[in-house]
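J.: Kindly return the folded structure for what I paste below:
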Amino acid sequence: MSLFSALSVSASGMSAQRSRAELLVENLANAETTHTPDGGPYRRKDAVFQSTDVSSSFADLFQVEMNPESAGVEVSKIVVDQRDPEKRYMPGHPDADKDGYVSFPRINPSEDMVDLIGSTRNYEGNIAAMSAVKDMIQRSIDLLR
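T.: Numbering: from 1, shown residues only. Next up, the predicted model:
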């Protein structure tokens, strides 16, 4: 794997973690949303990752790749929680049913915060890997001077 392919792998990881973090923030923001345009409460969303082939366009352009494809990661799909919503007795709420129960999303803010911290740390790990590759490229250039 060339150094440019390593950059592409880290970039794909950063992109996937960014998408995951966006979904987690959306979940947290809508933890109390009882009515959406689709009707009913907000439904929790999760990102599903899969391995994908990535290549460095720079390396492809100059055809210096020894291994033409490297394994990166991408969001393959977004899964929407299909469980029944949580019911809370709130008879005065505008979205209450005839029995006085309001449907709330099944979102655990603590769990999503932990997942968000994990996503942030994974993003930072990819940044560290890219910085290490950048340093290796810089040292290689310095050796050729």
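
J.: quick one: residue 101 and residue 127, what's the gap?
T.: To residue 127, residue 101 is 46 Å away according to CB to CB, to the nearest Å. Quick note: C-beta positions are derived from backbone N, CA and C, even for glycine.

J.: Please say which of these two ends up with more neighbours.
T.: residue 101 (17 against 13; other CB atoms under 10 Å).

J.: correct me, but the more buried one touches residue 86?
T.: No - contact criterion CB atoms under 8 Å: residue 101 and residue 86 do not qualify, at 9.8 Å.

J.: Which helix in the protein has the most residues?
T.: Determined from DSSP state H, the single longest helix within the chain is helix 109-143.

J.: average pLDDT for it?
T.: The average of the pLDDT scores along helix 109-143 is 94.

J.: Can you point out the buried residues in it?
T.: The neighbour-count check on helix 109-143 (16 or more other CB atoms under 10 Å) flags 112, 115-116, 119, 122-123, 126, 129-130, 133 as buried.

J.: can you redo these as TSV with distance to residue 141?
T.: Converted to TSV, the buried residues of helix 109-143 look like this (distance: CB to CB, whole Å):
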residue	distance to residue 141
112	43
115	39
116	37
119	33
122	29
123	27
126	23
129	19
130	16
133	13
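
J.: May I have the residues that are in contact with the residue nearest to residue 33 when sequence neighbours are not counted?
T.: Nearest residue to residue 33 in three dimensions, chain neighbours excluded: residue 42, at 4.0 Å (CB to CB, 6 or more residues apart in numbering). The neighbours of residue 42, taking CB atoms under 8 Å, 6 or more residues apart in numbering as the test, are 30-31, 33, 36, 105, 107.
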